[in-house]
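Participant: sequence plus predicted model, see below.
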Amino acid sequence: MWLPSTVAAELHNRNLPLNRIRLQDDSIHVWLAHTDRLPSESRLASALTASEYARAENFRFPHDRTRFLRRREFLRGVLARYTGVVPDRLRFDCSEYGRPFLLGLDAVESVSFSTSHSDGLAAVCVGRSPLVGIDIEKEVDTVCLADEASMVLTPAEIAAVEQQADAVRPGVFLRFWTCKEAIVKAIGRGLSLPLDEIEIVDIESDCPRVCRIAEEYGPSSQWRLRRFTPAPGYAGAIAVKAESMEIEFRTWSPEDHVLACVSSDNCYSH
Ligand SMILES: CC(C)(COP(=O)(O)OP(=O)(O)OC[C@H]1O[C@@H](n2cnc3c(N)ncnc32)[C@H](O)[C@@H]1OP(=O)(O)O)[C@@H](O)C(=O)NCCC(=O)NCCS
């Protein structure tokens, strides 16, 4: 395998994997990126398809278009590392409810993934379980209205929020919200699945528990939740239906962004 010496040295110095990243069955890798800090000129931009550029055009404001494009580049860059397929050859489709998935890969190459973004922060979560979901939200985005709470929370969850001091209630509501969104994204139904049909307990814990979920997605004991702080001022949650989960958090840097195509071109084979 030939690599330009500067790139090889950079990969070596930064300890970037020359080979695909392998995932154990219970591993979940969560990549986080500040999309506003990613370079606007990188070879990943040429990996995007006409339909991704067309989707970007649907955003009214230029900075939202740019953020969308950087997120797609980030997603392709991350998935290239796991699939061994260069970013511009990755193909996507989505389910009737909008859940994206990779097309045309066999079971060895393919991975499940889920994405989320809030303000300038983006997250990609990669795993082997087909039912994996992530949600991140900026805290200022949350309003804890009584009406909203009754559509999202069960009576027991509303009681858990109401027993908190006023100042912390929005934060507790957001914990329930992110956990539930992560679950409905893992299932692939998104908000078409009523959030108040899922009940969560131990919301203060890093690993809250699902105590009620529709039978077709259960049993509830098979669901794993993990809350995390993706960045100061943000809340996040990961949900997976699996016996166990081992989570690793990784930061996607501007250098990863620049190197993603180069390392893929030279190191991955398909
Ligand atoms: C999926 C959903 C919960 C995302 O909520 P959000 O907090 O606004 O956005 P996030 O940034 O966390 O997630 C967006 C990502 O979720 C993924 N996604 C979209 N629909 C999904 C679904 N049904 N299941 C899993 N993931 C989904 C996509 O990757 C999307 O990224 P993209 O827009 O850049 O392609 C919500 O948009 C949804 O339910 N969409 C489906 C449409 C629907 O059922 N609408 C009913 C409205 S009541």
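Facilitator: Yes, it's here. Numbers count the residues shown, from 1 in each chain.

Participant: can I assume residue 40 is in contact with residue 67?
Facilitator: No. The pair residue 40 / residue 67 is not scored as a contact, 11.1 Å apart, by CB atoms under 8 Å. Yep, even glycine has a C-beta here, placed from its N, CA and C like the rest.

Participant: what number of residues lie near residue 191?
Facilitator: Residue 191 is flanked by 13 other residues according to other CB atoms under 10 Å.

Participant: mind checking pLDDT for it?
Facilitator: pLDDT for residue 191: 92.

Participant: helices of the stretch 101-250 of the chain, start to end?
Facilitator: Ranges of helices in the stretch 101-250 of the chain, per DSSP state H, counting those that start in this stretch, are 146-152, 155-162, 169-187.

Participant: most packed of the ones you listed?
Facilitator: Of all those, helix 169-187 has the most neighbours on average by mean count of other CB atoms under 10 Å, namely a mean of 23.

Participant: can that one be said to contact the ligand?
Facilitator: Yes. Counting by CB under 6 Å from any ligand atom, the ligand has neighbours in helix 169-187: 181, 185.

Participant: and residue 94, how far from residue 211?
Facilitator: 30 Å (CB to CB, to the nearest Å).

Participant: before we move on, what about residue 115?
Facilitator: To residue 211, residue 115 is 27 Å away according to CB to CB.

Participant: for residue 199, same thing?
Facilitator: 5 Å.

Participant: more crowded one of these two?
Facilitator: More crowded of residue 199 and residue 211, by other CB under 10 Å: residue 199, with 18 against 15.

Participant: need the contact list for that one.
Facilitator: 154, 156-157, 210-213 (CB atoms under 8 Å, 6 or more residues apart in numbering).

Participant: which of those sit farthest apart?
Facilitator: Greatest spatial distance in those: 156 and 213, 14.2 Å, computed using CB to CB.

Participant: rewinding a little: residue 40 and residue 67: who's more crowded?
Facilitator: residue 67 (21 against 8).

Participant: mind checking the SS state of that one?
Facilitator: helix (DSSP: H, G, I helix; E, B strand; the rest coil).

Participant: was I right about it contacting residue 35?
Facilitator: Yes. Using CB under 8 Å, residue 67 is in contact with residue 35, at 4.9 Å.

Participant: any common contacting residues for the two?
Facilitator: Contacts common to residue 67 and residue 35, judged by CB under 8 Å, 6+ apart, are 117, 120, 122.

Participant: quick check: residues of the stretch 101-250 of the chain near the ligand?
Facilitator: Counting by CB under 6 Å from any ligand atom, the residues of the stretch 101-250 of the chain near the ligand are 114-117, 135, 181, 185, 188-192.

Participant: could I get those residues as a markdown table with distance to residue 88?
Facilitator: What follows is these, written out as a markdown table (distance: CB to CB, whole Å):
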| residue | distance to residue 88 |
| --- | --- |
| 114 | 22 |
| 115 | 18 |
| 116 | 24 |
| 117 | 22 |
| 135 | 28 |
| 181 | 30 |
| 185 | 26 |
| 188 | 26 |
| 189 | 30 |
| 190 | 28 |
| 191 | 31 |
| 192 | 32 |
